[in-house]
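*Asks:* Turn this into a structure:
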Amino acid sequence: MISTALDIAQALVRFPSVNPDYDPASAGEGAVTQWIEEWGRAHGFTVRRQPVLPGRENTLLQFRNGADHPHFMLNGHTDTVGVGGMSIAPFSGEVRDGRLWGRGASDMKGPLACMMAAGLRLKNAPSTWHGTLTIACVVDEEFRFRGVTAMLDQLVGRDSVEPHL
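*Replies:* Okay, here's the model as predicted:
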């Protein structure tokens, strides 16, 4: 089962998720969002989808370990900019010379993979931390930030997932 940051990052990079506002022919984040949901369920996270735009949803992975608070949230985005002009295969997920190559490897699929792997590590070591962790995987960061805005709008007033900063 995929659980390391590198394995997760490779899987995420291999899914095209160009923001449709940059490429109207793009299917958007749907495939990567679906993969994240399946990964989260397979690893025992509570998964919630939040509609943002037609066919584009945020995915929140969450677990509670003994308490609602503290509530720690990690946030990253699933969309990328376009692939025009790239000199490498944009969705290969190849590791070459110790580096992951592909669209989104550094912004933001690689960091998102690190958040997911860290969340899994915390979940699997319950004696190390008590509280609630949410990993928010949001859409549309590359264009108008509609994913994070929708997430915050939908979370306000919900004790079960409201971030407490």
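*Asks:* Let me know whether T4 touches M116 as I believe.
*Replies:* No - contact criterion Cβ atoms under 8 Å: T4 and M116 do not qualify, at 10.0 Å. The way it works is simple: take the backbone N, C-alpha and C, and place the C-beta from them, glycine included.
*Asks:* Helices of the chain, start to end?
*Replies:* 5-13, 30-42, 109-123, 146-155 (DSSP state H).
*Asks:* just to revisit the earlier point, quick one: which of T4 and M116 has more around it?
*Replies:* M116 (26 against 13; other Cβ atoms under 10 Å).
*Asks:* Quick check, pLDDT for the more buried one.
*Replies:* M116 carries a pLDDT value of 98.
*Asks:* how close does it sit to E37?
*Replies:* Separation of M116 from E37 (Cβ to Cβ, to the nearest Å): 12 Å.
*Asks:* and V18, how many neighbours?
*Replies:* 24.
*Asks:* in terms of contact, does it touch M86 like I think?
*Replies:* No - judged on Cβ under 8 Å, V18 makes no contact with M86 at a distance of 11.1 Å.
*Asks:* what is in contact with these two at once?
*Replies:* By Cβ atoms under 8 Å, 6 or more residues apart in numbering, V18 and M86 have these common neighbours: R103.
*Asks:* related to what we said a few turns ago, least reliable of the helices of the chain going by mean pLDDT?
*Replies:* Among the helices of the chain, helix 146-155 carries the lowest mean pLDDT (a mean of 90).
*Asks:* Centre of the chain to that one, how far?
*Replies:* In terms of Cα atoms, centre = their mean, to the nearest Å, the centre of helix 146-155 is found 14 Å from the chain centre.
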